[in-house]
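> Please find the sequence and the predicted model below.
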Amino acid sequence: MSVPSLRERLAVGPGRVDLGAIDPSATPGVKSRRRADDARGQLSTELGDLQERLWARSQCEGDRQRVLLVLQGMDTSGKDGAIKRGLDGANPKWLHLASFGPPTDEEQAHHFLWRIRRQVPEPGMIGVFDRSHYEDVIAVRVKGLAPEDAWRPRFEEINAFERQLHDDGVSIVKVMLHISRDYQRERQLRRLERIDKRWKFNEGDLDDRDRWDEFMVAYEEALERCNTSVAPWYVVPADRKWYRTWAVSLLVVETLRALDLRYPERPELDIEALRARLLAS
């Protein structure tokens, strides 16, 4: 009997999503921090190798494959850490990072997906969205920034958009970093108490904390409505930073493995003639 992949373990199943039933301190797929830490070196090396293959194929064969990691989560869920440590080993030259805060005046003048489309990674790249188009069905909903008849149709628009990306060679890895309310309080207190963390503190995040239950309902519906075969959701328990880092790294590596990436063979090169020329130079 084969061992389930981490993508299989963390994938959101069909039907209703109950985040309250998912333990934010759980560690599916790995038994201890030591084992996760031991695996990270190999994962970093493999990530770098697979990323190079992805880029090489786009340059030599016109392959349109790329990977897009979408990170969502409440404040202090560790999106920055997931990027910095979870993608350790990746070549920054072939990464495209985009962070989506409140829309600018220019962005508000366009369709909600306008700013998202502009940040989709080019072929051969690994793209990362720190927050994403899901803010337009989660934060917008909870904060009352738009009426329901404006944000509710966006679920189907998002599904259609992600299908278009998939059909154009984008492998989408959507990750919700799932933390507990107690963990968030601990991290926010740390930001207040430590001078090297205080700059991150945003009083508005406490307003979001007061709406915790509303955010969970909004996340659950987004996970339910936009969990498709071409763009599945994964819920990563994130109360343990070491697990979050390991899980995000492995989810990306498993996605790259599934692309069966091989270095381009370059049949147009006359290997023997070029070798002889180099040896004679």
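Sure, I can see it.
> Between the two ends of stretch 10-25, what distance do you get?
13 Å (Cα to Cα, to the nearest Å).
> again, but for stretch 116-126
Length of stretch 116-126, first residue to last, Cα to Cα: 15 Å.
> next one: it to chain centre, how far?
13 Å (Cα atoms, centre = their mean, to the nearest Å).
> same check, this time on stretch 2-14
Per Cα atoms, centre = their mean, the centroid offset for stretch 2-14 relative to its chain is 16 Å.
> now do stretch 84-100
In terms of Cα atoms, centre = their mean, the centre of stretch 84-100 is found 11 Å from the chain centre.
> Export it to CSV, keeping only CA atoms.
Extracted C-alpha coordinates of stretch 84-100, given in CSV (Å, rounded to 0.1, in the frame of the first residue of the first chain):
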residue,chain,number,x,y,z
LYS,A,84,11.6,32.9,3.0
ARG,A,85,12.2,29.5,4.5
GLY,A,86,9.8,27.2,2.7
LEU,A,87,11.3,28.2,-0.7
ASP,A,88,14.9,27.9,0.5
GLY,A,89,17.0,26.5,-2.3
ALA,A,90,15.1,28.3,-5.1
ASN,A,91,17.0,30.6,-7.3
PRO,A,92,15.6,34.2,-6.8
LYS,A,93,16.2,34.9,-10.5
TRP,A,94,13.4,32.5,-11.4
LEU,A,95,11.0,33.5,-8.7
HIS,A,96,8.2,36.1,-9.0
LEU,A,97,6.8,37.4,-5.8
ALA,A,98,3.7,39.5,-5.5
SER,A,99,2.0,40.9,-2.3
PHE,A,100,-1.6,42.1,-2.4
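> If we go by neighbour counts, what in that stretch is buried?
Residues 85-87, 89-90, 94-96, 98, 100 are the ones in stretch 84-100 that count as buried (16 or more other Cβ atoms under 10 Å). Every C-beta, even on glycine, is put in place using the N, C-alpha and C of the backbone.
> which one among these gets closest to Arg141?
Using Cβ to Cβ, Phe100 comes nearest to Arg141 of the buried residues of stretch 84-100, at 15.7 Å.
> Excluding sequence neighbours, find me the nearest residue to that closest one.
Closest residue in space to Phe100, ignoring its immediate chain neighbours: Arg131 at 4.5 Å, by Cβ to Cβ, 6 or more residues apart in numbering.
> count of neighbours near that neighbour?
Arg131 is flanked by 17 other residues according to other Cβ atoms under 10 Å.
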